[in-house]
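Colleague: Sequence and predicted structure below; questions after.
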Amino acid sequence: MRWKRSHLAYAKAKLTDLAFALLRPDVQARENTLATGGNEFDHKDFSDPISSEKGGEPGTFHLDRRSDESYMLRRANMVLRKGVVILKAQGLFGTLGIVLRRLIPHRLACYEDCRQFFHGRIGLEIGGPSGIFKWNGLFPIYTVADRIDNCNFSNNTTWEGHIAEGATFKFDKRRVPGNQYVDEATNLGRITSASYDFVLSSHTLEHIANPLKALSEWIRVLKEDGLLVLVIPHKDGAFDHRRPVTSLAHLIEDFEQQTTEADLTHLDEILELHDLTKDTGEGDFESFKRRSRQNLENRCLHHHVFDTSLAVELTHYAGLQIFAVEVVKPNNIVILAKKPVQGRGVRNERFRAVDTTPCWQSPFPSDQRPPICSTIFSPQVSVR
Ligand SMILES: C[S@@+](CC[C@H](N)C(=O)[O-])C[C@H]1O[C@@H](n2cnc3c(N)ncnc32)[C@H](O)[C@@H]1O
């Protein structure tokens, strides 16, 4: 009997070790991005409950927790809950796709061609860190760049938890942390113009009420020939799929009327058409409504709804030279664009499909409609 007990204890210890190994924070960090390059599923609900509670840094935890069985149970419970929500949101095949994408790292087609650009360079991310830029993401540049600073709107966000200003932005284990700014993405006043080689933004622009104002700031802090990597959720793969695509005219109006982050123009539409079953960060409709009304504090709303054509048109209007557009399931529109040298025009026709079909391909049904590009809106140097 004693023999059996000791074997049982041994088996239990081994299982705990195995669970611990499976739920290591680096693995968890990957899970938090759902192999989507980081996105709307990436809510704090699913961040490390222990480290957040104990005031540790989100995403880190300590080896002495190995013996904490309740921690492991809560961890397992959290992963299970997340699995169920993903399954509900993505269906069986979508979930299998996510698992496969995680097991077999997949890169954007343009990655190999442009990774050299990031080598030893300094960049600024808005609303990072992001799974898409991590070593196993679609566009893994955290491991290549020299330093990446970050800007977020608050000291405490739904996605990142507590954020401290200073050299605290840990984008890669092997790099010195970048400088963390707590500022609005639309007002980078503390950063001098032309100071970064690249700017990154993943699943952030749609949370900003005045995207052209944000873009104009990001372009200002970019050096000439500097690169903007813009990742925007495609409506077909997000909880926005019932909402109409925003028009470029509306985004221009927001810019001209200096719309602020307090804007709730789209609230009624969101409350009516938001697909809560695809939003893993929220509970029932009442709490979603409460959270949405407090958007100035939490910034969870998607003010605007994008398809690929709108993302391309917006980038063109901002005066950037696009050189790659890739649209990847489950919901990523990725645009790589350069800030042109002063006085040089941009040629984005092949992406905008002015005379022909656009050169980018898309797995999303709403991208199959004719593109919205229009010659009425030409690039605005004033936006820069
Ligand atoms: C959906 S999360 C995306 C997180 C991460 N980039 C990813 O891809 O997983 C949106 C991010 O943008 C930040 N954000 C939203 N509005 C912002 C604003 N006006 N200024 C700065 N950051 C903002 C949020 O705090 C959060 O970090």
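Modeller: Received the coordinates, thanks.

Colleague: from here on, contacts and neighbour counts on C-alpha atoms
Modeller: Fine.

Colleague: Where does the prediction get shaky in the stretch 51-200 of the chain?
Modeller: For the stretch 51-200 of the chain, the stretches flagged by pLDDT under 70 are 51-69, 71, 102.

Colleague: elements contacting the helix or strand containing M78?
Modeller: Under the assignment given by DSSP states H and E, the secondary-structure element containing M78 is helix 69-103. Counting contacts by 3 or more Cα pairs under 8 Å, 6 or more residues apart in numbering; DSSP states H and E, helix 69-103 is packed against helix 2-22.

Colleague: who are the neighbours in contact with the closest residue to S154 other than its chain neighbours?
Modeller: Closest residue in space to S154, ignoring its immediate chain neighbours: V182 at 5.6 Å, by Cα to Cα, 6 or more residues apart in numbering. Applying Cα atoms under 8 Å, 6 or more residues apart in numbering, one finds that V182 lies in contact with C151, N152, F153, S154, N155, I163, A164, E165.

Colleague: now, which of the residues you listed lie close to the ligand?
Modeller: Checking the contacts of V182 against the ligand by Cα under 6 Å from any ligand atom, the ones in range are C151, N152, F153.

Colleague: and these, which of them are in helices?
Modeller: Using DSSP state H, no member of those falls within helices.

Colleague: What is the neighbour count of L215?
Modeller: Using other Cα atoms under 10 Å, L215 is surrounded by 22 other residues.

Colleague: Where do the helices of the stretch 251-384 of the chain begin and end?
Modeller: If you assign secondary structure with DSSP state H, counting those that start in this stretch, the helices in the stretch 251-384 of the chain sit at 267-273, 285-293, 295-298, 308-317, 349-352.

Colleague: Can you tell me which of these is most buried?
Modeller: For those, the largest average neighbour count (mean count of other Cα atoms under 10 Å) is found in helix 308-317, namely a mean of 23.

Colleague: Summarise which helices and strands that helix is packed against.
Modeller: Counting contacts by 3+ Cα pairs under 8 Å, 6+ apart, helix 308-317 is packed against helix 248-256, strand 321-328, strand 332-338, helix 349-352.

Colleague: So what angle separates the directions of it and helix 248-256?
Modeller: Here the directions of helix 308-317 and helix 248-256 differ by 40 degrees (axes from the mean of the first three to the mean of the last three Cα atoms, to 10 degrees).

Colleague: near the ligand, which residues of the stretch 201-350 of the chain?
Modeller: Within the stretch 201-350 of the chain, the positions lying close to the ligand (Cα under 6 Å from any ligand atom) are S202, H203, T204, H207, I208, R299.
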